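[1] Sequence and predicted structure, then a few things I'm wondering about:
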Amino acid sequence: MEISRETKAAVRPALWGAVAGAIALAIVGFSWGGWVTGGTAETLARNSAATAVVAALAPICVEKFRQAADASTNLVEMKKATYAWDQSKFVEKGGWATMPGSTEPNSAVAKACAESLGSKKAVELRG
């Protein structure tokens, strides 16, 4: 079975149109349509989960800090540190960012805890 020259001439523009349409669809979909690759979706999911964990554990850290016998003194000491990194290290060393069931402090939780303690009305601390 042989395809005639006229049929080939009629089909060729349609095939090129389909190819160009597929390319345009991919460009529009990935640029403006919100499409992502599997790797990007996995990275976004991992980041979202890590953010949620920090958001859930930071209040526990703050409460552990507040329940310490010398919370007011600790808050003054923490605020003496001029850099946020030093404040989060202070929280880590105090053990408030070490969650039950783990042996190491979570640095992201310590950072969020220090930020929360520094910005909230921390005058309600025991001590």
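    It's in.

[2] alpha carbons only for contacts and neighbour counts from here, please
    OK.

[3] Quick test: name the residue nearest the centre of this structure.
    Centroid-nearest residue in the chain, with C-alpha atoms, centre = their mean: N47, separated by 3.5 Å.

[4] what's the pLDDT at that residue?
    According to the prediction, N47 has pLDDT 97.

[5] Please apply the same query to E2.
    What the model reports for E2 is a pLDDT of 86.

[6] now swap in L125 and tell me
    54.

[7] next structured bit after the longest helix seen in the chain?
    Using DSSP state H to define each element, the chain has its longest helix at helix 38-67. The helix or strand immediately downstream of helix 38-67 is helix 71-80, counting by DSSP states H and E.

[8] and the gap between L75 and F65?
    Going from L75 to F65 by C-alpha to C-alpha, to the nearest Å gives 9 Å.

[9] Among those two, which residue is more densely surrounded?
    Neighbours were tallied for L75 and for F65 using other C-alpha atoms under 10 Å; the higher tally belongs to F65 (25 against 21).

[10] Who are the contact partners of the more buried one?
    Applying C-alpha atoms under 8 Å, 6 or more residues apart in numbering, we find F65 in contact with 71, 96.

[11] do V36 as well
    F30.

[12] ok, V109 - how many residues close by?
    V109: 28 surrounding residues under other C-alpha under 10 Å.

[13] which parts of the strand or helix carrying it are buried?
    Using DSSP H and E, V109 sits within helix 107-119. Neighbour-count burial for helix 107-119 flags 107-118 (criterion: 16 or more other C-alpha atoms under 10 Å).

[14] So which of these is the closest to L57?
    Nearest to L57 among those is V109, at 6.4 Å by C-alpha to C-alpha.

[15] Tell me the spacing between the closest one and F65.
    Applying C-alpha to C-alpha, the value for V109 to F65 is 12 Å.

[16] Fine by me, we can end here.
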